[in-house]
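Q: sequence first, then the predicted structure:
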Amino acid sequence: QVQLVESGGGLVQAGGSLRLSCAASGRTASIYAMAWFRQAPGNEREFVAAINWSGLSYSYYSDSVKGRFFISRDKAENTVSLQMNSLKPEDTAVYYCAADRRNRPTMDLNLYAYWGQGTQVTVSS
């Protein structure tokens, strides 16, 4: 099992920045991929960014955040972070960290077995 705990959410004005962190514990050595998803009220959960856990780092982003958000990993600390810049009101959502031990980084939320409880990000206009 893998446990995930997000932190770093909050209220920020449009144009501002926030950094989310996800701390992983448990069987972290077998993690293959980690990702961030988000869910706004009334919307489905959507992909934000993903990164592989081992080896040469590669990452993916949704078109809506590309160039503004940056995902990174720190295996020594067992954390994955999401640096969010130039935030917009439409970025307001609960942000979830996800991990999987079998699949490559993917935009498909159904392929992630482990999820955190989420952290609220609110961007005011």
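A: Now that the structure is in, tell me what you want to look at. Numbers count the residues shown, from 1 in each chain.
Q: measure residue 88 to residue 41 for me?
A: 16 Å (CB to CB, to the nearest Å). Quick note: C-beta positions are derived from backbone N, CA and C, even for glycine.
Q: more neighbours, these two?
A: residue 88 (14 against 7; other CB atoms under 10 Å).
Q: residues in contact with the more buried one?
A: 14, 123 (CB atoms under 8 Å, 6 or more residues apart in numbering).
Q: what's the answer for the one 10 residues further on, then?
A: Contact partners of residue 98, counting by CB under 8 Å, 6+ apart, are 4, 34, 35, 36, 37, 109, 112, 114, 115, 116.
Q: which of these fall within strands?
A: Residues of the contacts of residue 98 located in strands (DSSP state E): 4, 34, 35, 36, 37, 114, 115.
Q: so which residue is smack in the middle of this protein?
A: Nearest to the geometric centre of the chain sits residue 36, at 2.1 Å (CA atoms, centre = their mean).
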